[in-house]
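# Here's my sequence, what's the structure:
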Amino acid sequence: MVDIARHLSISGQVQGVFFRAWAREQADELGVRGWICNRPDGHVEAHVEGDQAAVEAMIGRLRNGPPAAKVEALRTWDADVFEFDDFEVRH
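Residues are numbered from 1 along each chain as shown. Got it, this is the predicted structure:
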């Protein structure tokens, strides 16, 4: 199966609410790879790759976020597949 990749920018109340740790749990559950990090402007940025169904499911979960988060906007665009080994939280 061919993997796809998406790059995401997530805004709202998404920092200080365990968003990144929660996202890593979701990625592990879905079997997607990539990374997630906080941006200085308050956004969360992510790269998600894997099979299409898993990537779409991950984007859906990120659109809602963990219970303490309030996602106001999620932008996504196609990205290159880098064949990451896992999903990491970047600092």
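
# Tell me where the chain has helices.
Remark: helices assigned in the chain by DSSP state H are 19-30, 52-64.

# got TSV for those helices, with distance to Leu8 and mean pLDDT too?
Every C-beta, even on glycine, is put in place using the N, C-alpha and C of the backbone. Shown next, in TSV, are the helices of the chain (distance: least, C-beta to C-beta, whole Å; pLDDT from 0 to 100):
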stretch	distance to Leu8	mean pLDDT
helix 19-30	10	98
helix 52-64	6	98
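
# Output these in CSV, with distance to Ser9 and mean neighbour count appended to each entry.
CSV is the format used below for the helices of the chain (distance: least, C-beta to C-beta, whole Å; neighbours: other C-beta atoms under 10 Å):
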stretch, distance to Ser9, mean neighbour count
helix 19-30, 13, 18
helix 52-64, 11, 17
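
# Distance to Pro40 added to the ones you listed, as a markdown table?
What follows is the helices of the chain, written out as a markdown table (distance: least, C-beta to C-beta, whole Å):
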| stretch | distance to Pro40 |
| --- | --- |
| helix 19-30 | 15 |
| helix 52-64 | 20 |
